[in-house]
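> dropping the sequence and predicted coords here.
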Amino acid sequence: MNKRLYRSRKNFMIGGVCAGLGEYLRIDPLIIRIFFTLWLVLGDFGGMAYLILWVLMPPEQLQNEYFHLEDLGVRFRLIAREIRDIFRNPNPQLVTFVGVWLIGMGVVHIVREFTWPWFGWWNPALVWPAVLVIAGIFIIFRTINNQRS
């Protein structure tokens, strides 16, 4: 098996991390985008994890290269160019995901501020682990189904 993880330039929205993970895991990148969006809304380190993957995962055109610490400056300059291109020509899906993220953040903060009696079951500390378990189960089943076909 000679499959490599890289940032994809096909079907990408920001840095190609979700598209690359989708190609590597053979699942729809939309599922990974939803996962990262939920992580941004419900978790603490979703954005940081995405940025770290953006730096560590090589772009598609450099997929045969390994990460070297000396290349860190080059990777940051490449990311800066990609961010500039995103602001100049944003993907329409990206605008949708940003809107969903903003609404989700607003809802989460409103729910945290109010202590409604009918919402007593809500425990934000349990939501993120539940999302991780569901995502893990989904990936395992998807991988098993892909290996059978």
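Received, thanks.
> alpha carbons only for contacts and neighbour counts from here, please
Will do.
> low pLDDT regions in this protein?
Counting by pLDDT under 70, the ranges of the chain that qualify are 1-2, 43-44, 61-69, 109, 112, 114-128, 149.
> quickly find the element holding the most centrally placed residue in it.
By C-alpha atoms, centre = their mean, the chain has its centre lying nearest to Phe36, at 3.6 Å. Secondary structure assignment for Phe36, by DSSP states H and E: helix 29-42.
> need the residues that contact that helix.
With contact meaning C-alpha atoms under 8 Å, 6 or more residues apart in numbering, helix 29-42 is reached by 18-23, 45-47, 50, 97, 101, 104-105, 108, 124, 127-128, 131, 135.
> just give me the longest helix of this structure.
For the chain, the longest helix by residue count, based on DSSP state H, is helix 124-148.
> before we move on, back to that, just want the angle from the helix holding Phe36 to helix 124-148.
170 degrees (axes from the mean of the first three to the mean of the last three C-alpha atoms, to 10 degrees).
> next one: helix 29-42 to chain centre, how far?
5 Å (C-alpha atoms, centre = their mean, to the nearest Å).
> what's whichever helix or strand comes after that helix packed up against?
With elements assigned by DSSP H and E, the helix or strand that comes after helix 29-42 is helix 46-56. Packing partners of helix 46-56 (3 or more C-alpha pairs under 8 Å, 6 or more residues apart in numbering; DSSP states H and E): helix 17-25, helix 29-42, helix 72-88.
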